[in-house]
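Q: Sequence plus predicted model, see below.
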Amino acid sequence: MRYSTAVTVVLLCGASVCGRAQWLKSVGKWEGDTLVVDAVGFNDRSWLDAMGHQHSDAMRITERYHRRDFGHMEVQISIDDPKTLTRPFTIKFNQALLPDTDLIESFCSEDEKDVGHLVAK
């Protein structure tokens, strides 16, 4: 899976088979025709989102991907972090398949000018 420039490797062997190694963060399993990804093992040195919201090492993210039909996927992301949130929350949205399009490459530039504007409070 890929969001912006972040890439996540999801192991589909299940936690009982793979084990929870130190580096293992995302384990997926199929529940019927829905892929469920459980992500744990975060640290508190990053942001939850581009707005700079904080999270802790106790954060757990559960992602559910259901392909409704050929051109549409339902995505549900649940975030639970008892150290920083008063209660878990869930985001739901639909993704459309865009056939015959190009994947646009993105990369970091050493002469980045925006980083000075991204200050966490």
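A: Arrived safely.

Q: and stretch 32-41, C-alpha only, in CSV?
A: Provided in CSV are the C-alpha atoms of stretch 32-41 (Å, rounded to 0.1, in the frame of the first residue of the first chain):
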residue,chain,number,x,y,z
GLY,A,32,-14.3,-12.9,3.3
ASP,A,33,-13.6,-10.5,0.4
THR,A,34,-12.2,-7.8,2.7
LEU,A,35,-8.5,-7.3,3.4
VAL,A,36,-8.0,-6.3,7.0
VAL,A,37,-4.6,-4.8,7.9
ASP,A,38,-3.6,-4.4,11.6
ALA,A,39,-0.7,-1.9,12.1
VAL,A,40,1.1,-1.6,15.5
GLY,A,41,4.6,-0.9,16.8
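
Q: Could you check that stretch and say which residues are buried?
A: 35-40 (16 or more other CB atoms under 10 Å). In short, each C-beta sits where N, CA and C put it, glycine included.

Q: From those, which land in strands?
A: 35-39 (DSSP state E).

Q: If we only consider the buried residues of stretch 32-41, which is nearest to Ala58?
A: Nearest to Ala58 among the buried residues of stretch 32-41, counting by CB to CB, is Val40 at 9.0 Å.
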